[in-house]
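Asks: Fold the following, please.
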Amino acid sequence: MSTSVSPTVVDAQVKRHEEFSTDIKTNALNRAREDVAAVLHVSKSGLTGAVDQLINEWASRTENIVLRHMHDMAEWVSKAKTDQVNLDDDHHNQVKNIPITTGDFLR
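Replies: Next up is the predicted model:
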């Protein structure tokens, strides 16, 4: 059983992670802000203002914490993949550079 994952699969997962993060920001957080701003434009009540402030604070915290962590995780996964590919390449080159006499012994 192998636990290896191809670099292509990792890149696709990182891309999906980043797209999901962007989708949350543009389709959920920004839409919530816009919807509340539209209500605030029509209703100047204190409660509407409080909801507007609450939504904006929540959206900012979500961006600054959750989405930042998602972005950081995507970067970390991508870096780990690159490091592993480089390590695999180094090991492959080391094996290719085994002296012929040692190579004959291994046959």
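Asks: so which helix or strand takes in the residue nearest the centre of the chain?
Replies: When CA atoms, centre = their mean is applied to the chain, the residue found nearest the centroid is residue 74 (2.8 Å). Using DSSP states H and E, residue 74 sits in helix 68-96.
Asks: so what does that helix touch, helix or strand wise?
Replies: For helix 68-96, the packing partners by 3 or more CB pairs under 8 Å, 6 or more residues apart in numbering; DSSP states H and E come out as helix 7-23. (C-beta placed from N, C-alpha, C; glycine too.)
Asks: And the contacts of the helix it packs on?
Replies: Contacts of helix 7-23 from elsewhere in the structure, counted by CB atoms under 8 Å, 6 or more residues apart in numbering, are 67, 70-71, 73-74, 77-78, 81, 84-85.
Asks: That helix vs helix 68-96, what angle?
Replies: Compare the direction of helix 7-23 with that of helix 68-96 by axes from the mean of the first three to the mean of the last three CA atoms, to 10 degrees and you get 170 degrees.
Asks: still on that earlier bit, how far away is the residue nearest to the centre of the chain from residue 56?
Replies: Using CB to CB, to the nearest Å, residue 74 is found at 26 Å from residue 56.
Asks: before we move on, what about residue 72?
Replies: According to CB to CB, residue 72 and residue 56 sit 23 Å apart.
Asks: And residue 15, by the same measure?
Replies: Counting by CB to CB, the gap from residue 15 to residue 56 is 29 Å.
Asks: Low-confidence regions, this structure specifically.
Replies: Low-confidence segments of the chain (pLDDT under 70): 1-3, 102-107.
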